[in-house]
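> task: produce atomic coordinates for the following.
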Amino acid sequence: MSQIPKSCSIYLLIVLWQLITITPTLAAPPFINAQSYDDKYYQAHEIKQLYAEDSDVDLLILGDWGRNGHYSQRSVAKWMDIASHYLDAEMVVTTGDNFYDNGVASIHDPIWNTSFEQIYQGPNLFIDWYPTLGNHDYRGNWQAQIDYSQVSRRWELPAQYYEKLITLDDGTQAHLLFIDTSPLNPDYQGETKYQETQKQDADAQLTWLHQTLSNSKADWRIVFGHHPLYSSGKRYGATDGIKSVLEPVLEKYSVHAYFAGHEHDLQHNQVAGKTVEHFISGAGSKLRPTGKVDFTRFSSSSAGFAALSIGTDALVVQFIGDNGNVVYRYNIEREAK
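From the prediction side, this is the model:
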């Protein structure tokens, strides 16, 4: 057996040393200075005309967002953190389509980091997140989004549909209901890519929704879901299926506001003869054109999110763009008892 010459051995050792010490440095991503979230930073990023009342409970509402930081996702995340700072927000609610295009594969899917953990890094977004599921979430492992609640301290999805009761310091109560609209949507019957939605017990959810709203004694009743009942965007005139299922329930129990996503824009719709206020917050990343029709009070194809302030006498809804401006505000006044 021939031996390797000594000179070759020395050369190989040099090459090996270079591979060990130099290559990792070349492969490592460039160092990026971390953002300093100090008082100067927030003073330099003031949201002008933002309504903020210390006695209110504030939450942010984000929809149609998880795209690995692409499109407007990062800029929306930036201003969500800033809004949360000024509002002292207590939670973030999502209106579904949390991860594109096909949900998550498991609790170990890298998209949890690339679309959630590494994007919403601002210190004021480390609060409780209360998600709802969208149709794109059903194209993946929807159960993994529930299971991730055991992994992440801030991700709070206990079931496909659930409720939360909020009590203000003066005793005013707000009943929040988070529903799973995809199994309720008759438009998905027979669609192969959404066949998982039809395996769910829609009747059980509707029974729960009726009973929960019927028994509610709260001053405010607010429902969050994915599919809008009214839209002036891409799906104008194509929401009759889910509307036929949900609107009779929401109207029967005098729900004050219904927040949805699905449309990639910001909307507020008021329908003549109806009592429920309809809002769409689906502008968390990629946008679509929208318009105005007879029931449109506001619509904008601009990236952003909603802020909801729950007070004793009013609900205040604000749409905040990814340019740091309040683009729309609306008050829902509490009826005198």
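
> Y120 is in contact with V76, isn't it?
No. Contact between Y120 and V76 fails when scored by Cβ atoms under 8 Å: they sit 9.5 Å apart. C-beta coordinates here come from the backbone N, C-alpha and C atoms, glycine included.

> all helices for the protein, in order.
Ranges of helices in the chain, per DSSP state H, are 6-21, 23-27, 39-43, 73-87, 111-112, 142-147, 202-215, 240-252.

> tell me, how many residues neighbour the closest residue to Y230 other than its chain neighbours?
Distances taken as Cβ to Cβ, 6 or more residues apart in numbering place N269 nearest to Y230, at 4.3 Å, with adjacent residues excluded. Counted by other Cβ atoms under 10 Å, the residues lying close to N269 total 24.

> ditto for L157
L157 has 21 neighbours, counted by other Cβ under 10 Å.

> what's the answer for E333, then?
Count around E333 with other Cβ under 10 Å applied: 9.

> quick one: it and D169, what's the gap?
20 Å (Cβ to Cβ, to the nearest Å).

> just L213 next, same as before
For L213 relative to D169 (Cβ to Cβ), the value is 25 Å.

> who has more neighbours out of the two?
Between L213 and D169, counted using other Cβ under 10 Å, the more crowded position is L213 (20 against 9).

> skip the chain neighbours and tell me the closest residue to that one.
Counting by Cβ to Cβ, 6+ apart, L213 lies nearest to Y253, which is 3.7 Å off, once chain neighbours are set aside.

> before we move on, what about Q270?
Nearest non-adjacent residue to Q270, counting by Cβ to Cβ, 6+ apart: R297, 5.0 Å away.

> H264 now?
R288 (4.3 Å).

> repeat for S302
G321 (5.2 Å).

> circling back to that earlier point, which of the helices of the chain sits closest to P228?
Shortest distance between P228 and these, using Cβ to Cβ, is found for helix 240-252: 7.9 Å.

> list the buried residues for stretch 299-319?
299-311, 314-319 (16 or more other Cβ atoms under 10 Å).

> so which of these belong to strands?
Judged by DSSP state E, strands contain the following of these: 299-300, 304-310, 314-319.

> what ranges do the strands span in this protein?
For the chain, applying DSSP E gives strands covering 57-62, 91-94, 128-130, 162-167, 173-178, 220-224, 257-260, 266-269, 277-281, 296-300, 304-310, 314-321, 326-333.

> including mean pLDDT and distance to Y100, could the ones you listed go into TSV?
Formatted as TSV, the strands of the chain follow (pLDDT from 0 to 100; distance: least, Cβ to Cβ, whole Å):
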stretch	mean pLDDT	distance to Y100
strand 57-62	98	14
strand 91-94	98	13
strand 128-130	98	17
strand 162-167	98	23
strand 173-178	98	20
strand 220-224	98	19
strand 257-260	98	17
strand 266-269	98	19
strand 277-281	98	16
strand 296-300	98	21
strand 304-310	98	17
strand 314-321	98	21
strand 326-333	98	24
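
> could I get the ones you listed as CSV with distance to H136?
CSV is the format used below for the strands of the chain (distance: least, Cβ to Cβ, whole Å):
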stretch, distance to H136
strand 57-62, 14
strand 91-94, 12
strand 128-130, 17
strand 162-167, 20
strand 173-178, 17
strand 220-224, 17
strand 257-260, 14
strand 266-269, 19
strand 277-281, 16
strand 296-300, 22
strand 304-310, 18
strand 314-321, 23
strand 326-333, 26
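
> and of the ones you listed, who's closest to W155?
Checking the strands of the chain against W155 by Cβ to Cβ gives strand 128-130 as the closest, at 5.4 Å.

> quick check: closest non-adjacent residue to E163.
Nearest residue to E163, sequence neighbours excluded (Cβ to Cβ, 6+ apart): L177, at 5.1 Å.

> and what of T172?
Closest to T172 by Cβ to Cβ, 6+ apart is T312, at 4.6 Å.

> just S244 next, same as before
P186 (7.6 Å).

> need the pLDDT of the one you found.
Confidence at P186, expressed as pLDDT, is 95.

> tell me the contacts of it?
When contacts are counted by Cβ atoms under 8 Å, 6 or more residues apart in numbering, P186 touches 241-242, 244-245.

> again, but for D38
Listed by Cβ under 8 Å, 6+ apart, D38 has no contact partners.

> how far away is it from G237?
Distance from D38 to G237, by Cβ to Cβ: 49 Å.

> quick check, G321 in contact with A307.
No. Between G321 and A307 there is no contact under Cβ under 8 Å: 11.7 Å.
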